[in-house]
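S.K.: sequence and predicted structure below; questions after.
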Amino acid sequence: MAVNNPRGALFRVIEPNQHGRVTFVELFFDLVFVYAVTQISHYLLGHFTLLGAFQTGMLFLAVWWVWVYTAWVTNWLDPEKALVRALLFALMLAGLMLSMSIPRAFEDRGLWFALAYAVMQVGRTAFWWTATPPQRAAVRRNAARILSWLSTSAMLWLLGGFADGSTRMALWSAALALEYVSPAVRFWVPRLGASTVEDWMVEGGHMAERCAGFIIIALGESIVVTGATFADLEWTGANAAAFACAFVGTVAMWAVYFNRGAEAGAEMISQSRQSGLVARSAYTYLHMPIVAGIIVSAVGDEIVLKHPLGHTDFTAAAVLIGGPFVFLAGTILFKREVRGFLQLSHGAGLLGLIGLVWFATALSPLVLSALTSALLAIVALWEVLSLRSKPEPHASSATSA
């Protein structure tokens, strides 16, 4: 855990009641993942089938996991130290290789993707273990546990890189399952046992800000895709309307997450005595659907920009409704975790999106996009008004608002 310990020279010095800031080198590192998110959305556009959607999901899970693990490690280690900066620069290089491999990860660049991923996961954790002095035995044991799990999954990634077709997908699915279940079982390994709550303690404000930064990355990618696509099209009334709907939807998602949720989450995790558990559930797991929903929504926006009129086919409807639905589902669960109650506004938005399913294919993509964007905007406004009219309940409350 991150504490003020002079024997851990590369660790952050945590001052009581002070928020650990996100450093410039961490923001620089995140630029690689702007590229990675763009590659993922383009992969889905180029493989618009059920198989392509499954493969896109696997790629997204890998990218999110390698980023969030790095966020955990840089919560403990100090990125202002030269060696930690060097680690982040090396991870950036491997991350670029990972991102460049995404378009053909299930073709001829599978081994490159697997190699880059394994190097990032194992190399970063090995660095953390090496940087931890023997006097901090609990931290070293925690690093050793995580390294054991990631080394095992790395073998599956590399075996999948050498394989092809369904064998590659099976091996990579097994690797992802292994990595995603490991925090839930607290990285239990023989002899070393499982991690404790104290092993996972983080500087809560820093973790909240890091994950909020990734939301900005996803939203920024959505804006870039929308702007670049619209710039290359003939500027007709229908395309301009589609552009406006995409912009409204992106701003609404920003408002739903940042207007009240991000601040509440940062305050809650900063004050929690079990910040590691909150970081695991609210920021490691529950931020996944939020980011995924934004990425899928960006894909839907590009589809509508290119084909705003006519009937909406099933796959386009699934993206246009599914993106906002996954985003709202992740957001309502995240806010339930940090606030202690379910947002009625978010639940109503989810029901509204479900209602659109029944007649989505009878609508044009433009009309469907306008309706989903309007629903997101209503959810954002409703939440602001409901929370302004009464004080927020404590985290122990389970009432709806």
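M.R.: Received it, and whenever you're ready, just let me know what you need. Numbering: from 1, shown residues only.

S.K.: right, and Thr312 touches Ser369 too?
M.R.: No: counting by CB atoms under 8 Å, Thr312 sits too far from Ser369 to count as a contact (9.3 Å). Just so you know, the C-beta spots here come from the backbone N, C-alpha and C atoms, and that holds for glycine as well.

S.K.: the more surrounded of the two?
M.R.: A count of neighbours by other CB atoms under 10 Å puts Ser369 above the other of Thr312 and Ser369, at 29 against 25.

S.K.: element containing that one, please.
M.R.: In this assignment (DSSP states H and E), Ser369 forms part of helix 365-389.

S.K.: buried residues, that helix. List them.
M.R.: Going by neighbour count (16 or more other CB atoms under 10 Å), the buried part of helix 365-389 is 365-373, 375-377, 379-380, 382-383, 386-387.

S.K.: which strands or helices does that helix pack on?
M.R.: The contact analysis (3 or more CB pairs under 8 Å, 6 or more residues apart in numbering; DSSP states H and E) places helix 365-389 against helix 237-258, helix 287-306, helix 314-339, helix 344-357.

S.K.: pick the most buried one from those.
M.R.: Ranked by mean neighbour count, these are led by helix 287-306 with a mean of 25 (mean count of other CB atoms under 10 Å).

S.K.: quick check: angle from it to helix 365-389?
M.R.: Going by axes from the mean of the first three to the mean of the last three CA atoms, to 10 degrees, helix 287-306 is angled at 140 degrees with respect to helix 365-389.

S.K.: find the nearest non-adjacent residue to Ala143, please.
M.R.: With CB to CB, 6 or more residues apart in numbering as the criterion, Ala143 has its nearest non-adjacent residue at 3.7 Å, and that residue is Trp129.

S.K.: so who does the one you found touch?
M.R.: Arg140, Ala143, Ala144, Leu147 (CB atoms under 8 Å, 6 or more residues apart in numbering).

S.K.: from Pro133, how far off is the first one?
M.R.: In this structure, Arg140 and Pro133 are 8 Å apart, going by CB to CB, to the nearest Å.

S.K.: just the angle between the helix holding Ser369 and helix 237-258, please?
M.R.: 30 degrees.

S.K.: what's the average pLDDT for helix 365-389?
M.R.: For helix 365-389, the mean per-residue pLDDT is 92.

S.K.: and that helix, how far out from the chain middle?
M.R.: Here helix 365-389 is found 22 Å from its chain centre; the criterion is CA atoms, centre = their mean, to the nearest Å.

S.K.: begin at 51 from now on, thanks
M.R.: With 51 as the first residue, the last one maps to helix 415-439.

S.K.: got the angle for that helix vs helix 394-407?
M.R.: 160 degrees.

S.K.: and stretch 390-410, what's its mean pLDDT?
M.R.: On average, stretch 390-410 scores 93.

S.K.: that older thread, give the buried residues for the strand or helix carrying the residue nearest to Ala193.
M.R.: Trp179 is part of helix 160-181 when elements are defined by DSSP H and E. By 16+ other CB under 10 Å, the buried positions in helix 160-181 come out as 160-175, 177-179, 181.

S.K.: hmm, Met251 and Ala188 touching each other?
M.R.: No: judged on CB under 8 Å, Ala188 makes no contact with Met251 at a distance of 10.6 Å.

S.K.: what's the mean pLDDT across the helix or strand hosting Ala193?
M.R.: Taking DSSP H and E as the criterion, Ala193 maps to helix 187-212. Across helix 187-212, pLDDT averages out at 95.

S.K.: and that helix, what does it pack against?
M.R.: Applying 3+ CB pairs under 8 Å, 6+ apart, we find helix 187-212 packed against helix 160-181, helix 215-231.

S.K.: quick check: angle from it to helix 215-231?
M.R.: Using the same axes, to 10 degrees: helix 187-212 against helix 215-231 is 170 degrees.

S.K.: buried stuff in helix 187-212?
M.R.: In helix 187-212, counting by 16+ other CB under 10 Å, buried: 189-200, 203-204, 206-211.
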